[in-house]
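> below: sequence and its predicted model.
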Amino acid sequence: MSIVLVAITSAGPVGQAVDQLVSWLLTHGPALFSVIQALVQGLASFFQALLAAPPAWLLAVLVTLLGLWRVSAGFALFCLLGLNLVLFMGLWEPMIATLALVVTASLLALLLGLPLGVLASRQRTTWSLVRPVLDLMQTMPAFVYLIPAVMFFSTGQVPSVIATLIFSMPPVVRLTVLGIREVPADRLEAGLSFGCSPSQLLWKVQLPSALPTLMAGVNQTIMLALSMVVIASMIGGGGLGDVVLRGIQQLNVGLGFEGGLAVVILAVILDRLTQSLAAPPTKAMAERWRDWRRIWSDA
Amino acid sequence: MPQIEVSGVWKLFGQQPQPALEALRNGADPEEVQKRYGCRAAVKAVDLAIEAGEIFVVMGLSGSGKSTLLRMLNGLIRPSAGEVVIEGQRLSDLPAVGMRQLRRHTMAMVFQSFALLPGRSALENAAFGLEVAGVPRAQRLERARAALERVGLGRDLGKRPEELSGGMQQRVGLARALALDPPVLLMDEAFSALDPLIRREMQDLLLDLQQDQRRTVVFISHDLDEAVRLGDRIALMQEGAVLQCGSSMDLLCHPANERVRHFFRDVDASAVLSVDAIAEPAPLMVQRNDLERWRHQPPGGAAGVAYVLDEHQRFCGLMPAGGTLLPASEVEQLAAGTTLKQAMEPVALASHPLPVVDAEGRLLGVLSSRQLLKAMVMA
């Protein structure tokens, strides 16, 4: 923390301008910030409670079944073993905390990012405004978001969610724009020639056609969110990031490795599950069932 | 009144269409105009009148402006000048909502690339137009199913486009248009992406559909054989302008200019021309009631045969010189619409010009081997 503070006090003219903007916002918008604070905290607590409600074994079984249905028997086995390992390492509760943060931040990122992407794909001016902001959000070192997040929302889950939200939103916006723009011209023509209104064209032709690209954006956003919530443990986000951070502070290699391993397991599960969402489930189901039977008959 | 009327339609693509249009109308050189205004004319001063119930083929090489012309019929492209009138409605007068209504109820389009929606089954794809038009789910699926059955895909309702072959995909594309039961079908090179055998099948299907219910079909094609086979009338386009518009026979026998003649140079005239177009009037026609009179006094001396007609001008037999009446059932006849190719063998084998009759059996004329040869040499 001390390094960060030194950087701010010795900021140049650009930094001072940003500083002034932040303090202006702090004096003129406390009401807005407390509303956001309440909303985000409510959402984060809700997901935390929801995910912590079922016993660990039940959640593990549910995730395994989901993996079996959507991905593959091998992946289901990985889920089962991986989640058991997390439980065995005693990291279940931190993992649930991390998951709650990821879900909250990703949900908000998608709620904001998808409509923004749709809008930007339709209006050239919106896109030319949004694009440099996205570049900034993506290339700015992730740690930088932590500072204003703390100033506006103090420490805890809320600033973690906000910093994560900012860091993870660009891919979903970008890929939504890309997906909608890439819809083949003949499909648009077909839609128009059958009398689609602009909103029908969007919902019946553009979004379904863009779905695979869109889901890639959703997947990227969730993965970025996961990587950010670990960093956000520095401002009290809690969860697995806390375990890793403790490992660093205490130079405890074993502890850091355990935390890192749990993050990897969670990341792989989230990645495969979200990737599988783009594929049609019914056919996948039949295939998985065949795979599953084959595995058992082989063994 | 024609169902579709196109008058003085121009389409220019580029930066300054209006001044470029003026220049082109005043006879400026297209290349000069392109340089000066950055504008290219895709369609130039086209006038067409398409009647209800006909298959109207717009033919031309790629880049001749035929697809642009088709898209101006349903407003996907707005003309730079001129007017398109569909069933009495001027497209330029229609607000966006009216245009959508027209597209939903009056005209449906079939695409060269099929343009099906990937996430949907064949049934849902076929129901797309009805869905857009707001038809309730059960009803639209029923109509889509009927349309798919009509095009021969009754067993593949649940398949997705990527599971279907090209020909089957285009059947879905056709069913999507037919499900709307539109009076006008716009077909943009609809069969061009299919291999020849399947293309032929689809052409037969289209002709078959026209037998069920005559729709106005505007068919874009670059394939002469297809145009001749399908088209009641053909408009031949080159560099954005219509060179000639008429039946395939008109274009073949009476080309408006050298360029049209050049286009049809490779067409096998004997497969296009039909016997009724070149049949001559019978040299001798006798009413059946007058037959007795002719029995003792052979008509035309020893030279010819007389063609015997009843009171409705129906052909009822041949009367050779001095002989007895050969009833129609024993005489080879050519039905109207028989191509010269098909007529060659019977005409060559017959000892007299063969009678050409229409569907009701009325005598349209006769075809001699000499006349047949002459027609083939001329065309």
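Everything's here; your move. Numbers count the residues shown, from 1 in each chain, chains lettered A, B, ... in the order given.
> check contacts around the residue of the stretch 201-350 of chain B found nearest chain A.
Residue of the stretch 201-350 of chain B nearest chain A, by C-beta to the nearest C-beta: residue B:218 (12.6 Å). (C-beta placed from N, C-alpha, C; glycine too.) Under the criterion of C-beta atoms under 8 Å, 6 or more residues apart in numbering or on different chains, the contact list for residue B:218 reads B:4, B:50, B:56, B:58, B:70, B:73, B:184-187.
> what sits closest to the residue most central in space within chain A if chain neighbours are left out?
Closest to where the C-alpha atoms of chain A average out (C-alpha atoms, centre = their mean) is residue A:222, at 2.8 Å. Using C-beta to C-beta, 6 or more residues apart in numbering or on different chains and skipping residues adjacent in sequence, the residue nearest residue A:222 is residue A:106, 4.8 Å away.
> so that neighbour is in which element?
helix A:92-122 (DSSP states H and E).
> buried residues in that helix?
A:92, A:94-110, A:113-114, A:116-118, A:120-121 (16 or more other C-beta atoms under 10 Å in any protein chain shown).
> show me what that helix packs onto, helices and strands only.
helix A:30-52, helix A:124-139, helix A:157-181, helix A:207-231, helix A:240-249, helix A:253-276 (3 or more C-beta pairs under 8 Å, 6 or more residues apart in numbering or on different chains; DSSP states H and E).
> tell me the most buried of the ones you listed?
Greatest average neighbour count among the helices and strands packed on helix A:92-122 goes to helix A:157-181 (a mean of 25), per mean count of other C-beta atoms under 10 Å in any protein chain shown.
> the very next helix or strand once past that one to helix A:207-231, inter-axis angle?
Once the chain leaves helix A:157-181, the next helix or strand it forms, by DSSP H and E, is helix A:185-193. With axes from the mean of the first three to the mean of the last three C-alpha atoms, to 10 degrees defining the directions, helix A:185-193 sits at 120 degrees from helix A:207-231.
> and chain B, is helix A:185-193 touching that?
Yes - judged by C-beta under 8 Å from any C-beta of the partner chain, helix A:185-193 and chain B are in contact via A:186-187, A:189-193.
> and those, which are buried?
The buried subset of the residues of helix A:185-193 next to chain B - by 16+ other C-beta under 10 Å - is A:186-187, A:189-193.
> would you turn the residues you listed into JSON lines with distance to residue B:195 and pLDDT?
Below are those laid out as JSON lines (distance: C-beta to C-beta, whole Å; pLDDT from 0 to 100):
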{"residue": "A:186", "distance to residue B:195": "20", "pLDDT": "92"}
{"residue": "A:187", "distance to residue B:195": "23", "pLDDT": "93"}
{"residue": "A:189", "distance to residue B:195": "24", "pLDDT": "94"}
{"residue": "A:190", "distance to residue B:195": "23", "pLDDT": "94"}
{"residue": "A:191", "distance to residue B:195": "28", "pLDDT": "94"}
{"residue": "A:192", "distance to residue B:195": "29", "pLDDT": "94"}
{"residue": "A:193", "distance to residue B:195": "26", "pLDDT": "95"}
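> rewinding a little: sheet partners, orientation included, of the helix or strand harbouring the residue of the stretch 201-350 of chain B closest to chain A?
Assessed by DSSP H and E, residue B:218 sits inside strand B:216-221. Note on strand B:216-221: by DSSP bridges, its sheet partners are strand B:55-59 (parallel), strand B:184-188 (parallel).
> so how far is residue B:132 from residue B:101?
11 Å (C-beta to C-beta, to the nearest Å).
> among these two, which residue is more densely surrounded?
residue B:132 (23 against 15; other C-beta atoms under 10 Å in any protein chain shown).
> isn't that one up against residue A:204?
Yes - contact criterion C-beta atoms under 8 Å: residue B:132 and residue A:204 qualify, at 7.0 Å.
> report the contact partners of residue B:140.
Here residue B:140 is in contact with B:127, B:130-131, B:179 (criterion: C-beta under 8 Å, 6+ apart).
> quickly check those for the two that are furthest apart.
Within the contacts of residue B:140, B:131 and B:179 form the most distant pair, 9.9 Å apart (C-beta to C-beta).
> where does residue B:7 land in three-state SS?
strand (DSSP: H, G, I helix; E, B strand; the rest coil).
> just how off-centre is stretch B:31-44 within its chain?
Computed by C-alpha atoms, centre = their mean, to the nearest Å, the chain-centroid distance of stretch B:31-44 equals 32 Å.
> what of stretch A:82-95?
On C-alpha atoms, centre = their mean, the centre of stretch A:82-95 falls 21 Å from the chain's centre.
> and the closest residue to residue B:154 other than its chain neighbours, how far from residue B:157?
Nearest residue to residue B:154, sequence neighbours excluded (C-beta to C-beta, 6+ apart): residue B:148, at 6.1 Å. For residue B:148, the distance to residue B:157 equals 6 Å [C-beta to C-beta].
> neighbour-wise, which of these two wins?
The neighbour comparison of residue B:148 against residue B:157 (other C-beta under 10 Å) goes to residue B:148, with 26 against 17.
> surely that one meets residue B:159?
No - contact status for residue B:148 versus residue B:159: not in contact, 10.4 Å apart, counting by C-beta under 8 Å.
> quickly list what's touching both of these two.
With C-beta under 8 Å, 6+ apart as the test, residue B:148 and residue B:159 both reach residue B:122.
> interface residues of chain B facing chain A?
So chain B meets chain A at B:71, B:74, B:76, B:100-104, B:107-109, B:111-113, B:115-120, B:128-129, B:131-133, B:176, B:180, B:186 (C-beta under 8 Å from any C-beta).
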